[in-house]
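**Q** Would you be able to build a 3D model of this:
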Amino acid sequence: LKRFEDDGSLEDDLGVLELVVHGGFHRVELALRDTIDNFPYIPFRILLRLLVFPLGARCKPASDKCAHYVVRKALEPGDFRNRMTRDIFISNDPNDRTGILEIALEKVTALQDLELKLQRVKPARYFGSLDWLEDAVTKNVITDDEASLLREAERLTEKVIAVDDFDPVEFESNYATTN
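**A** Numbers count the residues shown, from 1 in each chain. Sure thing, here's the model as predicted:
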């Protein structure tokens, strides 16, 4: 609430506020319910549950629609994303893991309209493969430049996903060994 207030109570941030408040109240309610359920004396447990939750559990987490809205806004470059990530280190260095994330996000979001266009024409047998790009260029569905951009975005996406892909040199000791 304080950050929402400090940022000027922007309408754009209401989704985040709703997500946080509903999530927080829901977690508090779950913690209270779990605490009550841990009391060993059953009559006392029933009495406590009636006193604390006379109408039953009422707090629900934020809706999926709200969470989807916040995620969608956070993935779009702009003021909202800048406000939400202002205390997070963001790199544009292609040799840095976090930099690759940022570069891949920029490329993929820039190609979103092209991807939607291609979803309608891409044959199902090509999902998970880039072979269909040549067919799309040959059939004049996309240009060579668009195909290159899609390949680059796919390459970056694969690089981001390869979180367990390390060069064996990275595991070598940093200490000098003496014989």
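**Q** for this structure, where's the lowest mean pLDDT among helices and strands?
**A** Here the helix or strand of the chain ranked lowest by mean pLDDT, DSSP states H and E is helix 131-138, holding a mean of 74.
**Q** Can you give the distance of it from its chain's centre?
**A** Centroid separation for helix 131-138 versus its chain: 30 Å, with C-alpha atoms, centre = their mean, to the nearest Å.
**Q** so what does that helix touch, helix or strand wise?
**A** Contacts defined by 3 or more C-beta pairs under 8 Å, 6 or more residues apart in numbering; DSSP states H and E place helix 131-138 against helix 144-161. To be clear about C-beta, it is placed using only N, CA and C from the backbone, and glycine gets the same treatment.
**Q** Using the three-state scheme, assign Ile88.
**A** coil (DSSP: H, G, I helix; E, B strand; the rest coil).
**Q** Tell me the predicted confidence for it.
**A** Here, the pLDDT recorded for Ile88 equals 80.
**Q** And Thr177, by the same measure?
**A** 56.
**Q** got it, and Phe171?
**A** Looking at Phe171, the pLDDT reads 61.
**Q** now do Ala31
**A** The model reports Ala31 with a pLDDT of 93.
**Q** SS state for it?
**A** At Ala31 the chain is in helix, as set by three-state DSSP.
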